[in-house]
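K.L.:
This is a predicted model, with the sequence first.
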Amino acid sequence: MAKMGRPPVAKRDYRGEFITVRLRSSEKREILKAARKAGGQYTDWARSVLLDAARQVASPAAKK
């Protein structure tokens, strides 16, 4: 009998780290609304926005 459940995730795709952020209810609603408007999951949207911001700050061109 085949093993049931979720297939394993490749090591390069594994996301096991977390960042916890405390928000007010209104802030959370605002984030969820923006993520919905962009389409997809709010976690993917938040990851993308945070990484874009981090990369912009880290790049030498951002320090003009």
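P.N.:
Structure received. Residues are numbered from 1 along each chain as shown.

K.L.:
Check the secondary structure at the residue nearest to the spatial centre of the chain for me.
P.N.:
For the chain, the residue nearest the mean C-alpha position is R47 (2.0 Å; CA atoms, centre = their mean). Judged by DSSP: H, G, I helix; E, B strand; the rest coil, the three-state class of R47 is helix.

K.L.:
Then the one 10 residues further on?
P.N.:
Three states are possible here, and by three-state DSSP the one that applies to V57 is helix.

K.L.:
measure it to V21 for me?
P.N.:
17 Å (CB to CB, to the nearest Å). All C-beta atoms are positioned from the backbone trio N, CA, C, and that covers glycine.

K.L.:
now swap in R36 and tell me
P.N.:
18 Å.

K.L.:
if you count what's nearby, which of the two comes out ahead?
P.N.:
Using other CB atoms under 10 Å, the more surrounded residue of R36 and V21 is R36, with 12 against 9.

K.L.:
And the pLDDT for that one?
P.N.:
Predicted confidence (pLDDT) for R36: 96.
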